[in-house]
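> could you work out the structure for the sequence below:
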Amino acid sequence: MSFYREKILPCLVHMSMRQETLPRATTVAESETFQLKMVLLLAAEAFHFGIYRKVTRQNHHFPPLHLRLTGGLGLALRFGVALAGSAFILFE
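Down below sits the predicted model:
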């Protein structure tokens, strides 16, 4: 867990908060759309490393429906991150 706090979480925050948003980080962090984006990003990464990689590496153990549902859910999570990021920029 310390690796996550020390290495991964700062990278996620840094990727989401570009150079121009850093001076107003407290204002940005209070935004509901930014919080939604971060929750979706965390869910997408957890899904990718927890489920998606496991299912796609062992595709002969899973029926094609499971493979398609896994891919669709991963795509939906990534699309949600993109929409939340766009909404954050538009509603700022």
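
> Leu75 and Leu42: what is the separation?
Distance, Leu75 to Leu42, using CB to CB, to the nearest Å: 17 Å. All C-beta atoms are positioned from the backbone trio N, CA, C, and that covers glycine.

> Val81: how many residues sit nearby?
Neighbourhood size, Val81 [other CB atoms under 10 Å]: 21.

> same deal with Ala43?
For Ala43, using other CB under 10 Å, the count is 14.

> contact partners for it?
Residues in contact with Ala43 (CB atoms under 8 Å, 6 or more residues apart in numbering) are Leu77.

> and it, what element?
Secondary-structure assignment from DSSP states H and E places Ala43 in helix 32-47.

> what about this structure, any weak spots by pLDDT?
Where the chain drops to pLDDT under 70, the residues are 1-23, 59.

> so which residue is dead centre in it?
Nearest to the mean C-alpha position of the chain, by CA atoms, centre = their mean, lies Leu41 at 1.5 Å.

> from memory it sits against Val81, does it?
Yes - Leu41 is in contact with Val81 according to CB atoms under 8 Å; the separation is 5.0 Å.

> report the separation between Thr70 and Thr27.
37 Å.

> swap in Glu45?
25 Å.

> quick one: which of these two has more around it?
Neighbour totals were compared for Glu45 and Thr27, and Glu45 leads with 15 against 11 (other CB under 10 Å).
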